[in-house]
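Q: This is a predicted model, with the sequence first.
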Amino acid sequence: MIHLGKIEKSYPLEGGRSWVLRNVDLDIADGEFVSVMGPSGAGKSSLLNVLGLMDHDWQGSYALDGVVVDKLNTKQRQALQREKIGFIFQHYHLIDDLKVWENLDLPLQYRDVPAKERAARVADLLDRFQIVGKKELYPSQLSGGQQQLVAVARAVITRPKVLLADEPTGALHSGQARIIMDLLAELHKEGMTIVQVTHNELYANEAQRIIRLRDGWIEKS
Amino acid sequence: MLADFRFALRALLRSPVFTLVSVLMLGSGIGLSIFMFSSINAFVLKPLPFPEPDRLVHFEYTDSHATSRNLALPALDWLDLRERQKTLKSLAAYTVGTANLGGIDGPAERLSGAWVSADALSTLGIVPILGRDLVASDQVDGAEPVAVIGFSLWQQNLNADPAVIGRSLRINGKLTRIVGVMPRDFAFPMAESVWMPLSSSRGSEQRESDTLVKAFGRLLPGVSMAQAQADFANLMTGLAAERGKPLRGDQAKVEPFADEFILPQILGATKTMFIAVLLVLLIACANVASLVMARFSARARELSVRAALGASRRRLIMQVLGESMIIAALAGTLGYVGAEVAGHLMTRTMTAGNGFMPYWVDYRTDWHDLVFSVGIALAAALLAGLVPALRAGRVDIQSGLRQGSAGSIGDGSKLGRSLVAAEVALSVVLLVCAGVAIRSALQAQDAPFGIETDQVLSGRIAMFDDDYPDAAARLRFTENLAPRLIALPGVSHVAFASTLPLMGYERQKYARVGDDTTDDNDRPQAWSSSVSDDFFKVFGITLREGRSFDARDTAGSPLVAVVSASFAKKVWPNSSALGQRVQLNPKDPESPWLEVVGVVADSLQADYLITSATLPAHRGDGNVFRPISQNPPSIVSFALRADGDVAALSESVRGAVTAVDANLPVYWLQGMNQWRDKILWGTNILANLFGVFAVFALLLAVAGIYAVLAFDVNARTREIGVRRALGAGSRGVLGLVLKRGARQVIVGLVIGIPLALAFSRLLGAVVMPGASNDPLVYVVVIAALVVALLFAALIPARRALRVDPMVALRNE
Ligand SMILES: Nc1ncnc2c1ncn2[C@@H]1O[C@H](COP(=O)(O)OP(=O)(O)OP(=O)(O)O)[C@@H](O)[C@H]1O
Ligand SMILES: [Mg+2]
C-alpha cells in the first residue's frame, strides 16, 4: 500500500539545514496497522505529513497504492489525497460552527458526493459510532472523548484506504482512549490501513508493527 | 486606572499599524463632523459681533399669498411705523447698493455701500473709531452729502490718513464729505464698505414706489419678540386702514437678527450634510470597533490568563476601553486640527465676496467647537470601545484556557460582522445621496440656459443722476462706448442691456389687452429687460417670428417689444403673438402698452434654474424685451462676443470705458461662463461634498470588510487547514471567505436601500427640489459596493488560499 524509498526532509536553517527525516525506507502493506513512536521532535508528525500528501517538499520516492506520488502535480496530489487518505488529529479539530452531523457531512461535500448518499452515509456512521443522540450538538457541547469519536467518524466517512492518526489519544484520559483504540482495531479488522503516532507503549503494541524514529532516522530493530 | 492606560498605550505602540489605521479612520470621521458642526456654529450658534446680540431683531413684511415670502418695507411705511412703534428702542433701516468711488485719487472703483438711517450704527452698538456717526440732520433733503467709511477703504484708498475726517470723496458722482471711519472688520450688512444717510424725507411720489428698506431694531427691556410682532401687526392694520389700501405685505414678521442673513437653503443643506458626516463617523466607529474586537479576540487567551491571575472585570474593561480612548483622543486632535485648517480655507473662499454669507460669519473654531470635539471624540471612543470592552469583561476563563487557540471572546466575530453590515447600510445611504446630488448637478449642467455663454464677456456700469440726468444722456453714453468696444481685437458683436441673462434682475408683472384683473397681486409675472439691437446675436438667441430690434426703434417711434417663445405661447395660445400688445408693471397707469414685433427662442434670465419645484412666484412666464433706445436704464450691462480668451480683453474694456467717462468704474467684469458657474455653484458644491463623504464612506466600508475578512481568515487558519486536510479545494476555500463578505453586503443593502430612499427624499425636499429617485443611482451604488467587496476580499482570499494545512495544524 505504502512504499517510501530514501525519503529525506529538511528545513533551511541559518548556516545549513535542519534535518527532519533521514533516509527513510518504509513499506506498509495493505491492511496493515502500524504504530510510529519516538521522542518529541523525532519527526513523527513530519512523516505522517509526507504519508498524508500534505507535504510535498521532500526528496526520495513515494508510491501510494501503486501511484508514484513524486511525479504528481498539486491538483493530482489533492485528488489522490481525497480518494485515499483520512486524518485524525490529537486535538480533534472539529469545526466549531458546525454541528456534529455537519462535521461528518463536510468531507463528503468536498468530494461532491450527492446529497442523498451523503445523508445516508452520515446516518449510517452516527449509528455505528453510537452518537446519533449527539448529532445536533456543536463540538463545544461534547466531551473530549466524544469529540475524538466524531473526528474518527469524520476521518473514515470517506472510506479512505489509509487512516493516519497523529496521537489520537494524546488528549484523552484512559477510558476515552480505550474507546478510540477499540475503534481503530475494529477499522483495522475491516481492512483499513492504519498508521498511528503514539507515545503510549501499550497502545503502540496494539498495532501489528512499531516503527521507532529518532532524529529523523528509523531505528533498526 | 493610570496603570491600565499606561498598559493600553504600550499595547498600542506595539501594534503601530492598527493604531495608525484606527486613528486615521476615526480622525477623518471626527474631522468631518467637527467641520460641519463649526459651519452650523458659524451660521447660528456664534453670537453676532454686536453687544447684546439677542436683543437685536429684524422686522419685515410677509405675504401670505405668495407662500409667505419675506418682503422689504417701502420707505414710507418705515417712516410711519418708526414713529408709532413702542416695542423697539428705535426702528432703524438700511438699503444696499452700488457706490461708485470715482476719480480723485486714482482709478474709479465700484464699491458696495449701504444707505442707513442715522440710528442704524448706534442700534447695532458699533461706534466709529474716528469722527462721528451719522446724525438725523444728515438724512434730510438738501443736507450736505456725508459718508462714514470702512476701515479698509481708509487704509487702502486713503493711505490711512489720520486727518481723513473732512476730506471728500466722489461717490456716485457726488462730492461726499467723510465724517467717520468704522472699526476694522465692520461691513454691515453683508460686505459693504461705505455708509451714507438714508433719506428720511417723505418727498416725491417716486420715493414711495421705488425705495424699499430693511428694518431692524433693539427690543426694549422686558419686551419679547412675540410682543413686538403683535405690536407691528396692529400698526400695520391701522396703517392700511388709514391709507385705504393694502400694504405691500399683509403680515408682520419679527425674527432674530441673524436669521435674516443666512439663507434657509444654505442652513438646510448644512444640517443635511451634518447628518451625512455623522453617518461617516458612525461607519468609522463601527470599523474601529470591529478592529478592536478582532484585536482582543486574538488576545482572548491573554485576557483569560489575566482573569485567571485575578484581574477584576473592571480592570479588563478598562484595559480595552483605555485603548479606544487613546485612539479617540488622538483622532479627535487630528480631526480638530483638520477642521481648523478647513475652516480657515472656508472663511477665505466664502468671504471672498460671492455674496452668500454676511461678513461676520467666521468658520474658525471656538469653544463651542472645542466642546463639541471633545464630546464627539468621547462618544466615538465609547461607540468604538464599549462593546468590545464589555465582552472582554465577560471573558470565559474556562473556555479561553481549555481550548487553547480555539478560544475567542464570546461571539466577537459575529458582532464584527453585523457591524460591517451596518457600515454597508450607512455607505449605501451616503452613496445614494451622493449619486442623487451628482445626478442633479449633471442635470443642471445640461439645463437649457438658452444662451451661448462661451466667448462672451460681460460687465456693468452705473451712471448716476448728476452726470446722466436723462434718457438722452444715458443713451449717448452707450452710443459713444459701442464703437470703442467693437474696435477691440476679436470682438464681433456688442450689446447693451438693462440686465443680462442669468443675473436674475427685473421680474415684472404684466397685463395683456382685455385682462380684467383688479388685484395687482394676482397678475402674472415675466422677466423683462431693455436690450440693444445686437443682444440676440451676442447670446445666440434665434429669431423665430417677426423681426428683431433695429434702427427703426428710436425714442420717438412706436413702443415695441420682442417676446420669448414660451411667453408668446402662454399669453396668446391660440394666435400669433405678432401685433399683440402687452403692458409691463400695469399697477402704474402710466406704463405704456408695447406692440410685439418679434418672437425669439427662450433664454434664462433668472439667477437660478427654473424647475418644476421652483416657487410659482419665482417662475415667470418667459421674457419680454424692449429696445434699449426706448427705455435706457441708468445702470447698464454690456456683453461682447469675441474670439479667443475673453478675460484677456478686460483691461482694454476698462480703458474704453475710461476714455468715454473716467468717473465710471466697470464692475462684474467677467465671462458669462462665470455667471453660469454661479448658478451651478450650489448644486456643484453639494455634489462635491457628498461625493467626498461617499468616497470616505466607501473607503471605510472597504476597510471594514477587509478588516473583518482578514481577521476571519486569520482566526480560522486552523479551520481552513482542517478543511484542506479533509479535502477542500481552492473553490471551497474561496467560497468560505467570500460567503462571509457577501452576506454582510446583502444584509447591508437590504437595510440600506430603504433608508437611502427615505434619506434622499429628505435631501431632495431640503436642498435639491426635483431630484428624482433615479434607479440608475441604485444600480451604480450596488455595483460599486460589489466591486468594493471583491476588492476588499482580495488579500484575505489570497491569504486563505495560501493556508498550508501542515503549518496550520502544527503548533498544538
Ligand atoms: N516549519 C518548520 N520549520 C523548521 N523546523 C520544523 C518545522 N516543522 C517542524 N520542524 C522541526 O522538525 C522536527 C520534527 O518535528 P515533528 O513535528 O515531526 O516532531 P514530532 O516527532 O511529531 O514531535 P512531537 O512528539 O513533539 O509531536 C522538529 O525538530 C521541529 O522543530
Ligand atoms: Mg507531532
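A: That came through fine. Residues are numbered from 1 along each chain as shown, chains lettered A, B, ... in the order given. Ligands and ions are numbered 1, 2, ... in the order given.

Q: Excluding sequence neighbours, find me the nearest residue to residue B:638.
A: residue B:496 (5.2 Å; CB to CB, 6 or more residues apart in numbering or on different chains). For the C-beta atoms, the positions are set from N, CA and C on the backbone; glycine is no exception.

Q: mind listing what residue 10 touches?
A: All of this is about chain A. A:17-21 (CB atoms under 8 Å, 6 or more residues apart in numbering or on different chains).

Q: Let me see the domain layout of chain B.
A: Residue ranges for the domains of chain B, per automatic domain parsing: B:72-248, B:267-308+B:318-329+B:370-445+B:682-811, B:464-663.

Q: Present these as CSV; the columns should include mean pLDDT and mean neighbour count.
A: Formatted as CSV, the domains of chain B follow (pLDDT from 0 to 100; neighbours: other CB atoms under 10 Å in any protein chain shown):
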stretch, mean pLDDT, mean neighbour count
domain B:72-248, 84, 18
domain B:267-308+B:318-329+B:370-445+B:682-811, 77, 20
domain B:464-663, 83, 18
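
Q: Reduced to three states, what does the spatially most central residue of chain B come out as?
A: In chain B, the C-alpha nearest the mean C-alpha coordinate belongs to residue B:266, at 4.4 Å (CA atoms, centre = their mean). At residue B:266, secondary structure determined by DSSP: H, G, I helix; E, B strand; the rest coil is helix.

Q: in what helix or strand does the residue positioned nearest the centre of chain A lie?
A: Central residue of chain A (CA atoms, centre = their mean): residue A:164, 1.8 Å from the mean position. According to DSSP states H and E, residue A:164 maps onto strand A:162-166.

Q: Summarise which helices and strands that strand is packed against.
A: helix A:44-51, strand A:85-88, helix A:144-156, helix A:174-189, strand A:193-197 (3 or more CB pairs under 8 Å, 6 or more residues apart in numbering or on different chains; DSSP states H and E).

Q: isn't residue B:78 right next to residue B:214, touching?
A: No. Using CB atoms under 8 Å, residue B:78 is not in contact with residue B:214, being 9.1 Å away.

Q: interface residues of the stretch 551-700 of chain B facing ligand 1?
A: Counting by CB under 6 Å from any ligand atom, the stretch 551-700 of chain B comes close to ligand 1 at no residue.

Q: can you pull out the helices in the stretch 551-700 of chain B?
A: B:565-571, B:616-619, B:650-660, B:672-715 (DSSP state H, counting those that start in this stretch).

Q: what's the closest of these to chain A?
A: helix B:672-715 (10.5 Å; CB to the nearest CB).

Q: related to what we said a few turns ago, now do the contacts for the residue nearest to residue B:638.
A: Here residue B:496 is in contact with B:478, B:482, B:531-532, B:535, B:628, B:636-638 (CB under 8 Å, 6+ apart).

Q: ok so it is a strand residue?
A: Yes. When three-state DSSP is applied, residue B:496 is found to be in a strand.

Q: For chain A, see how far away it is.
A: For residue B:496, the distance to chain A equals 80 Å [CB to the nearest CB, to the nearest Å].

Q: which one is residue A:210 nearest to, not counting chain neighbours?
A: If you skip the residues right next to it in sequence, residue A:210 has residue A:35 as its closest partner in space, 4.8 Å away by CB to CB, 6+ apart.

Q: Which of the domains of chain B sits closest to residue A:136?
A: Closest of the domains of chain B to residue A:136 is domain B:267-308+B:318-329+B:370-445+B:682-811, at 19.4 Å (criterion: CB to CB).

Q: And the longest strand along chain B, what does it pack against?
A: The longest strand of chain B (DSSP state E) is strand B:88-101. Other helices and strands packing on strand B:88-101, by 3+ CB pairs under 8 Å, 6+ apart, are strand B:56-63, helix B:75-84, strand B:109-116, helix B:120-124, strand B:168-171, strand B:194-197, strand B:212-219.

Q: do that again at 7 Å, thanks
A: If contacts are counted by 3 or more CB pairs under 7 Å, 6 or more residues apart in numbering or on different chains; DSSP states H and E, strand B:88-101 sits against helix B:75-84, strand B:109-116, helix B:120-124, strand B:168-171, strand B:212-219.

Q: Paired strands for the second one, with orientation please.
A: Within its sheet, strand B:109-116 is paired with strand B:88-101 (antiparallel), strand B:194-197 (parallel), according to DSSP bridges.

Q: now do the last one
A: Using DSSP bridges, the neighbouring strands of strand B:212-219 in the sheet come out as strand B:56-63 (antiparallel), strand B:73-74 (antiparallel), strand B:88-101 (antiparallel).

Q: Helices of chain A, residue ranges please.
A: Per DSSP state H, chain A carries helices over the ranges A:44-51, A:74-84, A:100-110, A:115-128, A:144-156, A:174-189, A:201-204.

Q: Cheers, nothing more for now.
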